[in-house]
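pasted the sequence and its predicted model underneath.
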Amino acid sequence: MIPPRKGLQYTGPVVVMVGPACVSACKFFSYDTTINDRATIVGQYPTSGAGGGIEAFMMPESTYVQMTVARQMDADGNIHIEGGGVAPDVRVPVTVESFQRVLAGDDVILEAAEEVIGQPMGAGVTPSASPKLSTKEEAESALSAGAEFLDAKAREQYPPEEASVPGELTYTVPLEKSETLIWAYYWCASTKETLAQNFSQINVTFEMNGEVVPLDQFAVSELESGGNQCRVIYTALSDWQSGEHHLTTSVTFKSAINDGMGDYPAGDYISKYSVFVP
């Protein structure tokens with residue numbers, strides 16, 4: 001399936017399904033929802049390409065004639081719909097496989113629409129800029145003020161047995177609006193000595209929208225939690241622009257680590273965040 005057109009911004013979870021049988025009020029309704037990108041159009045083909053006004057005439061010998069007498073135009077004076085119809089933003093491919101599925105009773109267009117409507121608002125949109133990275137002092141203030149961690153806003157929550165082995169975890173973070181979030185890596189051990197020894201074998205890298213963020217821009221705090229000693233490497237992110245942002249926290253254990261409570265294999269522990277802003 002082709003993804004939504006670049007630059008599409010969702011103002012609500014609205015999807016309109018179209019096809020050649022979409023005529024008259026159907027095609028005008030479909031067109032109206034494309035104004036200001038208020039909906040995503042899904043289908044295999046555009047709507048009917050007839051977009052003019054019609055009028056009926058009675059001719060001699062009781063002959064009835066109906067013809068186009070007007071053309072519909074957009075706010076800029078351009079002819080729309082007529083000749084081309086309302087084209088799908090997401091075009092469902094017509095293949096042998098999809099045809100066989102239709103014969104079997106599947107609604108491939110509805111399935112595509114459900115997939116699109118399940119995407120967070122902002123999906124497929126390239127943001128105009130990355131979020132603002134705080135100073136260390138601003139990060140400390142945000143943490144003290146109770147700003148939420150990025151992980152806490154994610155749809156996915158992984159059990160300890162998945163998070164405690166090398167591999168890649170993905171997180172979907174849909175935001176209703178821009179807000180200040182803490183982006184962090186934290187590690188706890190039974191004692192301060194164990195914590196220091198563990199970090200001698202830990203490398204941490206942060207990337208935002210494909211760019212590495214230097215560690216010297218992150219605040220570092222050590223605190224006690226549940227009787228354990230913890231180190232938090234963090235910053236605060238704000239001023240999220242509309243669109244889809246990608247953040248990655250890559251942690252490499254250069255050797256096997258014991259935090260005083262359990263063993264962790266050497267390897268790469270990668271967390272990838274997709275943050276969607278309407």
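Looks like it arrived, so ask away.

and Glu179, that's in a helix?
No. Going by DSSP: H, G, I helix; E, B strand; the rest coil, the assignment for Glu179 is coil, not a helix.

gap between it and Lys153?
According to Cβ to Cβ, to the nearest Å, Glu179 and Lys153 sit 9 Å apart. C-beta here means a position set from N, CA and C on the backbone, and glycine is covered the same way.

with Ser98 instead?
36 Å.

where in the stretch 51-200 of the chain is pLDDT low?
Within the stretch 51-200 of the chain, the segments meeting pLDDT under 70 span 51.

in it, which spans are helices?
96-103, 108-117, 136-144, 160-163, 192-199 (DSSP state H, counting those that start in this stretch).

Phe218: which of the ones you listed is closest?
helix 136-144 (7.4 Å; Cβ to Cβ).

which parts of the closest one are buried?
Using 16 or more other Cβ atoms under 10 Å as the test for burial, helix 136-144 gives Lys136, Glu138, Ala139, Ala142, Leu143.

ok, these vs Ile117, which is closest?
When the buried residues of helix 136-144 are compared for distance to Ile117 (Cβ to Cβ), Ala142 wins out at 33.5 Å.

ok, that closest one touching Thr180?
Yes. If you go by Cβ atoms under 8 Å, Ala142 and Thr180 touch, sitting 5.4 Å apart.

which neighbours do those two have in common?
Ala236 (Cβ atoms under 8 Å, 6 or more residues apart in numbering).

picking up where we left off before, now render the helices of the stretch 51-200 of the chain as TSV, adding distance to Ser271.
Output for these, formatted as TSV (distance: least, Cβ to Cβ, whole Å):
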stretch	distance to Ser271
helix 96-103	35
helix 108-117	25
helix 136-144	18
helix 160-163	9
helix 192-199	18
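
Lys254: which of the ones you listed is closest?
Comparing the helices of the stretch 51-200 of the chain by Cβ to Cβ, helix 192-199 comes nearest, at 10.7 Å.

give me the contact list for the closest one.
Taking Cβ under 8 Å, 6+ apart as the rule, helix 192-199 contacts Trp187, Cys188, Ala189, Glu222, Gln229, Cys230, Arg231, Ile257, Asn258, Asp259, Gly260.

verify the stated contact: Val108 with Arg101.
Yes. Counting by Cβ under 8 Å, Val108 touches Arg101, with 5.7 Å between them.

and the two? Which one has more around it.
Val108 (18 against 14; other Cβ atoms under 10 Å).

spatially central residue for the protein, please.
Ala123 (3.4 Å; Cα atoms, centre = their mean).

is it true that that residue touches Phe276?
Yes. The pair Ala123 / Phe276 is scored as a contact, 5.7 Å apart, by Cβ under 8 Å.

what residues are shared contacts of those two?
Common neighbours of Ala123 and Phe276 (criterion: Cβ under 8 Å, 6+ apart): Glu244.

next, the contact list for Val92, please.
Shown in contact with Val92 (Cβ under 8 Å, 6+ apart): Met1, Val42, Gly43, Gln44, Ser98, Val108, Ile109, Ala112.

pull the number of nearby residues for the nearest residue to Phe57 once chain neighbours are set aside.
Sequence neighbours aside, Val65 is the residue nearest to Phe57 in space, at 4.7 Å (criterion: Cβ to Cβ, 6 or more residues apart in numbering). Using other Cβ under 10 Å, Val65 has 9 other residues around it.

good, we can wrap up now.
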